[in-house]
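Trainee: Okay, predicted coordinates and the sequence, questions at the end:
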Amino acid sequence: MSRRPVICVQLNGGLGNQLFQYAAGRALAESADAEFFVAPKMSGRLAHAGSALVDLGIDCQEWPHKASPLFELISRGRRGLRRVLGMPAPKLPTGWRGSVYIERGFAFDQALFSLRGDWFLVGYFQSERYFAPIADALRTEIAATLSSAPVTPENLERATDPDAVSVHVRCGDYGSDPATAAVHGMLDIAYYDRARDHLKATAGATRFLVFSDDLTAARARLAHWTDVEFIDGGSRDGDFRLMAACRHHIIANSTFSWWGAWAGKHEGGITVAPRQWFSEEKQRTTDTGDLFPPDWIQL
C-alpha cells in the first residue's frame, strides 16, 4: 500500500508570520490529502526558539526526524553549493528527502496548489487566498485556542463592547532595529488619524482600544487622541484574544494585527488597513495586491 504524501512548512518569524505559514501549508495538505508537519526555524534574525503556534495552543505536528552526523554534513555541503550558485539555500528539516518549494514573490501563487508528492514549503504566504478553502475551520480553531488566553474581565468587557475598535500600534523593533525598519518601518500617525475618522463616520465607533508592543511609545504617538484607552492584555495571546473580540479594527503594517482582525470577523465589522505595508523603497518593488481581504478598507 502506498503511503500518503507529506507537506512540511517552515515556521519563521513571530506569531502572525507563523499563522500564515501554517494556514497555507495546512490548506495544501488538505487539498492533496497529505500528512502535514511544521518545522520551526531555529536560527536567523527572524527565528524564534520554537513554535509560537504551540504557545498559542494550536495543535500542529512538528517534523519528528533526527539527523545523523553524515546527513548534517551533506546538508551543509548542499546549502553551501546553492549559495555559491546564487540560489536560495534554506535549511531543510532533518531527514527530508522530498522536493522544496521556495516562495517566488509576495503575491499569491496559484501554482502552490498544483504540487503533489512530498514538499517542504519555504516562504511567508501572506494572503488569505492561500487558505480560503479552510477559512471557516481555521477561524474555529483559532477561536477555540484564544478562549483560554488569560485576560481580565474588565478588558474583555471593553473589547466586546459593540463600539469597540482595536487599534494596533507597532513600535518595538520597527523603530529600534535598523534591519526591520528597512523592511517595514513605523506607520505615519496620519494613517491612524484617517482610520479613526473613517470609523467614526461610517460605523459611529466611539471606543478605541490601543494595543502595542510598546505602550509607552504608543501613548506618546497618540497623545492627541482623547477617545482612547490603552490596553495591556498581559501576554501576546491575551492581546490577540482581546483584539479579535473587538468588532472593528485599525491594523498596523503587522501580521499580528492582520490576524487579530481576520480571526475576529464580526457581523457589520469594519477593518481598516494601511495601504503602505512596507517601507517606501520596498513598497515600490513589492506587489501587495493579494495581502488584504477584498472587504477591508485600505487607507
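Mentor: Okay, I see it. Residues are numbered from 1 along each chain as shown.
Trainee: quick one, strands of this protein?
Mentor: Taking DSSP state E to define them, one finds strands in the chain at 6-11, 35-40, 99-102, 119-122, 164-169, 207-212, 228-230, 248-250, 271-273, 297-298.
Trainee: For the nearest residue to Asp232 once chain neighbours are set aside, give its distance to Tyr191.
Mentor: Spatial nearest neighbour of Asp232, chain neighbours left out: Leu215 (6.3 Å); criterion: Cβ to Cβ, 6 or more residues apart in numbering. Heads up, the C-betas are built off the backbone N, CA and C, glycines and all. Separation of Leu215 from Tyr191 (Cβ to Cβ, to the nearest Å): 19 Å.
Trainee: ok, those two, which is more surrounded?
Mentor: Per other Cβ atoms under 10 Å, whichever of Leu215 and Tyr191 has more neighbours is Tyr191, with 18 against 15.
Trainee: quick one, what contacts that one?
Mentor: Shown in contact with Tyr191 (Cβ atoms under 8 Å, 6 or more residues apart in numbering): Pro274, Gln276, Leu299.
Trainee: One more: Arg139?
Mentor: Arg139 is in contact with Trp262, Ala263, Lys265, counting by Cβ under 8 Å, 6+ apart.
Trainee: now do 7 Å
Mentor: Ala263, Lys265 (Cβ atoms under 7 Å, 6 or more residues apart in numbering).
Trainee: So which of the strands of the chain is nearest Leu28?
Mentor: Nearest of these to Leu28, taken as Cβ to Cβ: strand 6-11 at 5.4 Å.
Trainee: the inter-axis angle of that closest one versus strand 35-40?
Mentor: For strand 6-11 against strand 35-40, the angle by axes from the mean of the first three to the mean of the last three Cα atoms, to 10 degrees is 20 degrees.
Trainee: Figure out how far stretch 215-225 is from the centre of its chain.
Mentor: Its chain's C-alpha centre and that of stretch 215-225 lie 24 Å apart, by Cα atoms, centre = their mean, to the nearest Å.
Trainee: whoops, stretch 185-192 was the one
Mentor: 19 Å.
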